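K.L.:
Give me a model of this one.
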Amino acid sequence: MKVLLLTVFLSLLLAALFLLFFLLERRGKALSSPEQDALRPFDNETPIAAPRK
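P.N.:
Numbering: from 1, shown residues only. You can find the predicted model right below:
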């Protein structure tokens, strides 16, 4: 019986954490669009000059 209570407690804890992180993520992306999200990995890239031979 104790194992069942522990399992229920942990599953509720994980569900609450998921909900919290989901809401925080949605709040931060209020002004973004899928196109901006797709281009986000390229934001911090700076071109590196090729070494001359």
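
K.L.:
packing partners for the worst-scoring helix or strand of the chain on mean pLDDT?
P.N.:
Across the helices and strands of the chain, mean pLDDT, DSSP states H and E gives its lowest value to helix 34-39, namely a mean of 78. Counting contacts by 3 or more CB pairs under 8 Å, 6 or more residues apart in numbering; DSSP states H and E, there are no secondary-structure elements packed against helix 34-39. Every residue, glycine included, has its C-beta placed from N, CA and C.

K.L.:
Give me the distance between that helix and the centre of its chain.
P.N.:
14 Å (CA atoms, centre = their mean, to the nearest Å).

K.L.:
in the longest helix seen in the chain, what counts as buried?
P.N.:
In the chain, assigned by DSSP state H, the helix with the most residues is helix 2-28. For helix 2-28, the neighbour count (16 or more other CB atoms under 10 Å) marks no residue as buried.

K.L.:
do the same with stretch 33-42
P.N.:
Going by neighbour count (16+ other CB under 10 Å), nothing in stretch 33-42 comes out as buried.

K.L.:
hey, C-alpha coordinates of that stretch in PDB?
P.N.:
The C-alpha trace of stretch 33-42 is given here as PDB (Å, rounded to 0.1, in the frame of the first residue of the first chain):
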ATOM      1  CA  SER A  33       5.900  32.600 -34.100                       C
ATOM      2  CA  PRO A  34       6.800  29.100 -35.500                       C
ATOM      3  CA  GLU A  35       9.000  30.800 -38.100                       C
ATOM      4  CA  GLN A  36      11.000  32.700 -35.500                       C
ATOM      5  CA  ASP A  37      11.400  29.500 -33.400                       C
ATOM      6  CA  ALA A  38      12.700  27.600 -36.500                       C
ATOM      7  CA  LEU A  39      15.400  30.300 -37.000                       C
ATOM      8  CA  ARG A  40      16.400  30.600 -33.400                       C
ATOM      9  CA  PRO A  41      19.400  28.100 -33.600                       C
ATOM     10  CA  PHE A  42      21.000  30.500 -36.100                       C
END
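
K.L.:
Tell me the pLDDT of residue 47.
P.N.:
We have a pLDDT of 68 for residue 47.

K.L.:
And residue 8, by the same measure?
P.N.:
pLDDT, residue 8: 98.
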